[in-house]
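# Only the shape, not the letters, is given here:
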């Protein structure tokens, strides 16, 4: 069974997590059958290991990890791959690390469209 792990940075302010929680809620509403977890790199819980454990406990054997970062930052390039490698080593199974969400074409297009929607056409 496939599972989806959304992996965000984390922050001291709990309000920072609201957009990611909203994304997770939208996914859960669209696919209630899909095991889903939201995890954080630092400063918030659950961490990636705890979130992975929850997905494994639900029977997931292939887990898609989506870094919820706008770009392939140092965290995405340096910190995330070793965390995923540790999950592979500890649990076996398939751990599919996807590109940062902000680098995916659909997200880029949605951000451009949302930005343009803020600008009303001027009349001559």
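Yes, it's here. None of the values given here were measured: they were computed from a predicted structure.
# how far does the lowest-mean-pLDDT helix or strand in the chain sit from the chain's center?
Lowest by mean pLDDT, DSSP states H and E among the helices and strands of the chain is helix 74, with a mean of 78. Put simply, helix 74 sits 16 Å off its chain's centre (C-alpha atoms, centre = their mean, to the nearest Å).
# Next secondary structure element downstream of that helix?
Remark: after helix 74, the chain's next helix or strand is helix 80-91, criterion DSSP states H and E.
# Check which residues of that following helix are buried.
For helix 80-91, the buried set under the neighbour-count rule, 16 or more other C-beta atoms under 10 Å, comprises 80, 83-84, 87, 91. Quick note: C-beta positions are derived from backbone N, CA and C, even for glycine.
# Redo those as JSON lines? Include distance to residue 61 and pLDDT.
As requested, these are arranged in JSON lines below (distance: C-beta to C-beta, whole Å; pLDDT from 0 to 100):
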{"residue": "80", "distance to residue 61": "21", "pLDDT": "93"}
{"residue": "83", "distance to residue 61": "19", "pLDDT": "96"}
{"residue": "84", "distance to residue 61": "15", "pLDDT": "96"}
{"residue": "87", "distance to residue 61": "12", "pLDDT": "97"}
{"residue": "91", "distance to residue 61": "9", "pLDDT": "96"}
